[in-house]
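Chemist: Got a sequence here, can you model it:
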Amino acid sequence: MKATVILASHVHEIVLTDVVEHEGQFWLVPEWFENSVLKVRKPTRLIGIAKLRHQRSKTYPEFVVEDPIPKSVFFDEAIPPELENKYEILESPDIRFPIYDS
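Modeler: Numbering: from 1, shown residues only. Below is the predicted model:
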């Protein structure tokens with residue numbers, strides 16, 4: 001699944017990001033770590049959608065996140081302390097998805 005997200009920084013940017021279902025919730029996946037030897041990939045970070053204003057669609061993309069998300073929440077190694085409680089974040093969750101040869 002995919003979601004449209006506005007990344008907030010000095011210049012806002014609209015991006016399309018992956019969405020996975022994990023532990024009964026939907027999560028944004030900003031980046032993946034891929035292991036080509038094992039043919040698996042895992043999210044480097046998950047950001048919960050439940051706490052964010054969003055819309056779900058039956059068409060592509062399946063989610064639209066309405067409020068901008070700071071770019072630091074998506075990509076920085078350390079989440080700024082003032083944002084930690086605003087977002088539900090799982091760092092390096094132990095879930096894997098197969099990589100299929102194309």
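
Chemist: When you work out contacts or count neighbours from here on, use the C-alpha atoms and nothing else.
Modeler: Will do.

Chemist: ok, and for stretch 74-86, which residues are buried?
Modeler: The neighbour-count check on stretch 74-86 (16 or more other CA atoms under 10 Å) flags 74, 79 as buried.

Chemist: which stretches of the protein form helices?
Modeler: Listed in chain order, the helices of the chain (DSSP state H) span 71-75.

Chemist: how about the strands in this structure?
Modeler: 2-8, 13-22, 25-29, 32-35, 40-43, 45-48, 54-56, 63-65, 69-70, 89-91, 97-98 (DSSP state E).

Chemist: can you redo these as a markdown table with mean neighbour count, mean pLDDT and distance to Ile79?
Modeler: Formatted as a markdown table, the strands of the chain follow (neighbours: other CA atoms under 10 Å; pLDDT from 0 to 100; distance: least, CA to CA, whole Å):
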| stretch | mean neighbour count | mean pLDDT | distance to Ile79 |
| --- | --- | --- | --- |
| strand 2-8 | 19 | 95 | 14 |
| strand 13-22 | 14 | 96 | 19 |
| strand 25-29 | 19 | 97 | 15 |
| strand 32-35 | 15 | 93 | 18 |
| strand 40-43 | 18 | 96 | 16 |
| strand 45-48 | 21 | 96 | 11 |
| strand 54-56 | 13 | 96 | 21 |
| strand 63-65 | 20 | 97 | 19 |
| strand 69-70 | 18 | 92 | 10 |
| strand 89-91 | 15 | 92 | 9 |
| strand 97-98 | 12 | 94 | 25 |
